[in-house]
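Visitor: take this sequence and fold it.
(one chain, ligands or ions: 1)
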Amino acid sequence: MKIIRYKKSDQLSDDVNCGILINDEVYKINGNIFSDFSLGEKAAVLKDVELQPPVDPENIIAIGLNYRHHAEESGLRIPDRPIIFIKATNSLTGPDTDIILPRMAPDEVDYEAELAVVIGKECKNIEKDEVEEYILGYTCANDVSARDCQIKIDKQWARAKSFDTFCPLGPFIETDLNPDNCQISSVLNGKIMQNSNTSDMIFDTAELVSYLSKNMTLKPGTVILTGTPEGVGFARKEPVYLRPGDIIKIEIEGIGKLKNTVRAENHDN
Ligand code: MG
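Guide: Reported below is the predicted structural model:
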């Protein structure tokens, strides 16, 4: 099942609707996606809606250095427990929107293809074999990062990962997916930059959710970014950073493609 959040193009209000996508048709949801719901009537076709981030997250939690080959390219040791950081919720943006290069740090903005887990039911202190029943589904994420702030200036990650628009999510939440064996890639202006499989993760999604739940309550709608594979821009022999006009796509097998365009920040935003 594919869960979306959307606005209808002909809609006058700013209301965001939740729906189920079946082929290219959008159906309403009766009830709450995090508790009981049923499929309602057909509401629109996909081309007539503006997709929003597929969840309005309670928290955005992210994991650093969770792919073996990415830890190697970063010149860092394989961690012996998950490295947790937070992306502020203002960084959220949807598919087909702009990633804005911030005026104060526009030069070293990097992409990171990531599988995102969406929590469906509140959980605390759950074991790995219990995790599945607490997950709503999975979506594509781009953990956009200002490397100058992250590596040279701040030496920690909160600001570098939390500029506005630095967390594109979408296009929808796929509820039926084996997260442990999916091809994951990023494509910049048509060129493949990252191409790996979630099987290269150091801590798989069930381990991550169980570990996080032993540290904090995970509320419905919490989004967990599970780390990125090798091929990010800063670790290349000739570093590659996002520039105005670039098109960056994150693709995960079994989910779909998350596409965003890059632009400079202007005086209004
Ligand atoms: Mg990341």
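
Visitor: who does the nearest residue to residue 215 once chain neighbours are set aside form a beta bridge with?
Guide: Leaving aside its chain neighbours, residue 215 sits nearest to residue 84 (7.3 Å; criterion: C-beta to C-beta, 6 or more residues apart in numbering). In short, each C-beta sits where N, CA and C put it, glycine included. Taking DSSP bridges, one obtains residue 63 as the residues bridged to residue 84.

Visitor: burial of residue 84, as a residue count?
Guide: By other C-beta atoms under 10 Å, the residues close to residue 84 number 15.

Visitor: also residue 76?
Guide: Per other C-beta under 10 Å, the neighbour tally for residue 76 reads 12.

Visitor: would you mind giving me the confidence score for the residue lying closest to it once chain neighbours are set aside?
Guide: Nearest residue to residue 76, sequence neighbours excluded (C-beta to C-beta, 6+ apart): residue 65, at 6.0 Å. The confidence metric pLDDT takes the value 91 at residue 65.

Visitor: before we move on, back to that, isn't the residue nearest to residue 215 up against residue 216?
Guide: No - in this structure, residue 84 is not within contact of residue 216 by C-beta atoms under 8 Å, at 9.0 Å.

Visitor: interface residues of the stretch 101-250 of the chain facing the ion?
Guide: Contact residues (C-beta under 5 Å from the ion) of the stretch 101-250 of the chain with the ion: 112, 143, 228.

Visitor: wait, the first one touches residue 233, no?
Guide: No - in this structure, residue 112 is not within contact of residue 233 by C-beta under 8 Å, at 9.0 Å.

Visitor: against residue 215, how distant is residue 163?
Guide: Per C-beta to C-beta, to the nearest Å, residue 163 is found 25 Å from residue 215.

Visitor: which one of the two is surrounded by more residues?
Guide: For residue 163 versus residue 215, neighbours defined as other C-beta under 10 Å are more numerous around residue 163 (26 against 12).

Visitor: buried ones in stretch 84-103?
Guide: Buried residues in stretch 84-103, counted by 16 or more other C-beta atoms under 10 Å: 85, 87-88, 91-95, 97-102.

Visitor: stretch 118-135 now?
Guide: 118, 119, 120, 123, 126, 131, 134, 135.

Visitor: cool, and stretch 66-74?
Guide: 66, 67, 70, 71, 73, 74.

Visitor: please enumerate the strands of the stretch 1-150 of the chain.
Guide: All strands of the stretch 1-150 of the chain, identified by DSSP state E, counting those that start in this stretch, fall at 2-8, 17-22, 25-31, 37-45, 49-51, 60-64, 83-87, 92-93, 98-101, 109-110, 113-119, 135-142, 145-146.

Visitor: and what of the stretch 151-269 of the chain?
Guide: The residue ranges that make up the strands of the stretch 151-269 of the chain, judged by DSSP E, counting those that start in this stretch, are 167-174, 183-188, 191-197, 223-225, 247-252, 256-264.

Visitor: list the strands paired with the shortest one, with their directions.
Guide: For strand 223-225, the paired strands and their directions (DSSP bridges) are strand 60-64 (parallel), strand 113-119 (antiparallel).

Visitor: now do that strand: everything it contacts.
Guide: 55, 57, 59-63, 87, 114-119, 141, 143, 167, 169, 205, 208-209, 212, 218 (C-beta atoms under 8 Å, 6 or more residues apart in numbering).

Visitor: how many neighbours does residue 241 have?
Guide: Other residues within reach of residue 241, judged by other C-beta under 10 Å, total 19.

Visitor: I'd like the distance between the residue in the stretch 151-269 of the chain that the ion sits nearest to and residue 211.
Guide: For the stretch 151-269 of the chain and the ion, the shortest gap (C-beta to the ion) falls at residue 228, measuring 4.5 Å. According to C-beta to C-beta, residue 228 and residue 211 sit 18 Å apart.

Visitor: give me the more crowded residue out of those two.
Guide: Neighbours were counted for residue 228 and for residue 211 using other C-beta under 10 Å; residue 228 has more, 29 against 15.

Visitor: pretty sure that one contacts residue 193?
Guide: No - the criterion here is C-beta under 8 Å, and residue 228 misses it with residue 193 at 10.6 Å.
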